[in-house]
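**Student:** Turn this into a model:
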Amino acid sequence: MNVLIIGGAGYIGSHVTRRFLDAGHQVSVFDNLSTGHRANLQKEADFFEGDILIKGKLLEAMSAGFDAVIHMAAFKNAGESMEKPEIYAENNISGTINILNAMSEARIKKFVFSSSSSVYGEPDYLPMDEKHPLIPVSFYGFSKLEIEKLLKWYEKLRGIQSVSLRYFNAAGYDPQGRITGLEKNPSNLIPVVLETAAGIRDKVLVFGSDYKTKDGSGIRDYVHVSDLSNGHLAALEYLENQKQSLIANLGIERGFTVHEVIESARKVTGREIPVEVVDRRAGDPAEVYSSATLAKKHLGWDPQYCDINSILETHWKAYLANYPEK
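**Tutor:** Okay, here's the model as predicted:
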């Protein structure tokens, strides 16, 4: 198929682009390079430089003719979204409306959306499945949920079928080392830990020491970016074969504590990684992990990187490519 990947120069987007190319699809990338890297653009993919807030640029790109669109161009810092809701409303919600309207004009009927586990909010029960209440605690999560609601209407009124993939915590890099562009200003735990190992940061702040977990720190579900990429490929195949929409979690159905991640990173990197334990952050639950039963059943999704060491090893190789050991 001929696929347009919006946000395909970003961390996850570049891996998804690589996976689609490996599978033999014709791929084009649409990206404004605000958070993505030109170095992450895959040479076999065509590139349209543009912003999703400019509908004319989207229409220009889509006039090339595509069978499907993959949307991965959201702002994604939950903390920042609470301080700057306006830019999250504009980019995430208005930008997605522009994409859907452009798709409607271009008569593109297949859409894979990078959603987020943040649509759930604090867990009522674990593991969190797709029937869990949807009560996001960040404006970022709210923006993702609003898009999922929009998709139902665009299917009903414009025939655009979609798969929304609710990621848990993306981590890792291409095991073959073909993608090495690092995230800009990361806020997630694993890149923060590895930035500390690389000497970019002085220390890792651990928020909270008194959660009811094995070591008092929070537990999260980390899913390898290569497994996420396989999930996107499977989602498009599902749309092609089943011709119906779906919402599914992507996670490894278990979690690791903050201290487990840091200790594993010390072993993988051979670095000390200083830590400072500080107060909890408001709204941070003790434990979050997924049920991925629907993705396994309907998409045939089978994550391959389910231990923290293998996730960290591939991620660290990308840091070493940018910050070689002396």
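**Student:** looking at the chain, which helix or strand does the model trust least?
**Tutor:** helix 78-83 (a mean of 93; mean pLDDT, DSSP states H and E).
**Student:** so what pLDDT did Ser14 get?
**Tutor:** Ser14 is assigned a pLDDT of 98 by the prediction.
**Student:** Low-confidence regions, the stretch 201-326 of the chain specifically.
**Tutor:** 326 (pLDDT under 70).
**Student:** can you pull out the helices in the stretch 151-300 of the chain?
**Tutor:** 189-197, 225-242, 258-269, 293-299 (DSSP state H, counting those that start in this stretch).
**Student:** can you give me how far the second one is from the chain middle?
**Tutor:** Which is helix 225-242. A distance of 14 Å separates the centroid of the chain from that of helix 225-242, by Cα atoms, centre = their mean, to the nearest Å.
**Student:** Next: stretch 151-160.
**Tutor:** 23 Å.
**Student:** cool, and stretch 278-297?
**Tutor:** In terms of Cα atoms, centre = their mean, the centre of stretch 278-297 is found 15 Å from the chain centre.
**Student:** sorry, back to before: nearest to Gly95, of the helices of the stretch 151-300 of the chain?
**Tutor:** For Gly95, the closest of the helices of the stretch 151-300 of the chain is helix 225-242, at 18.9 Å, according to Cβ to Cβ. From N, CA and C alone the C-beta is placed, and that goes for glycine too.
**Student:** Check which residues of the closest one are buried.
**Tutor:** 225-236, 238-239 (16 or more other Cβ atoms under 10 Å).
**Student:** Next: stretch 97-106.
**Tutor:** 97-100, 102-103, 106.
**Student:** for stretch 67-81, same thing?
**Tutor:** So stretch 67-81, judged by 16+ other Cβ under 10 Å, has buried residues 67-78, 80-81.
**Student:** cool, stretch 274-284 as well?
**Tutor:** Those would be Val275, for stretch 274-284 by 16+ other Cβ under 10 Å.
**Student:** how long is it from one end to the other?
**Tutor:** End-to-end distance for stretch 274-284: 22 Å, by Cα to Cα, to the nearest Å.
**Student:** List of residues touching that stretch?
**Tutor:** Applying Cβ atoms under 8 Å, 6 or more residues apart in numbering, the contact partners of stretch 274-284 are 122, 137-138, 196, 202-211, 218, 262.
**Student:** ok, now with 7 Å
**Tutor:** Stretch 274-284 is contacted by residues 137, 196, 202-209, 218, 262 when judged by Cβ atoms under 7 Å, 6 or more residues apart in numbering.
**Student:** Give me the subset of those residues lying in strands.
**Tutor:** Judged by DSSP state E, these include 204-207 as members of strands.
**Student:** If any of the contacts of stretch 274-284 are buried, put those into a ChimeraX selection.
**Tutor:** To isolate the buried members of those in ChimeraX, using 16+ other Cβ under 10 Å:
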select :137,196,204,206,207,208,218,262
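**Student:** With distance to His315 as extra columns, can I get the contacts of stretch 274-284 in CSV?
**Tutor:** Converted to CSV, the contacts of stretch 274-284 look like this (distance: Cβ to Cβ, whole Å):
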residue, distance to His315
Val137, 27
Thr196, 13
Asp202, 20
Lys203, 19
Val204, 15
Leu205, 19
Val206, 19
Phe207, 21
Gly208, 23
Ser209, 25
Gly218, 19
Ile262, 13
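**Student:** what's the closest of the contacts of stretch 274-284 to Ser143?
**Tutor:** Val137 (12.8 Å).
**Student:** Hmm, Tyr120 and the closest one touching each other?
**Tutor:** No - the criterion here is Cβ atoms under 7 Å, and Val137 misses it with Tyr120 at 9.2 Å.
**Student:** farthest-separated two in the contacts of stretch 274-284?
**Tutor:** Across the contacts of stretch 274-284, the longest distance by Cβ to Cβ is 29.1 Å; it joins Val137 and Asp202.
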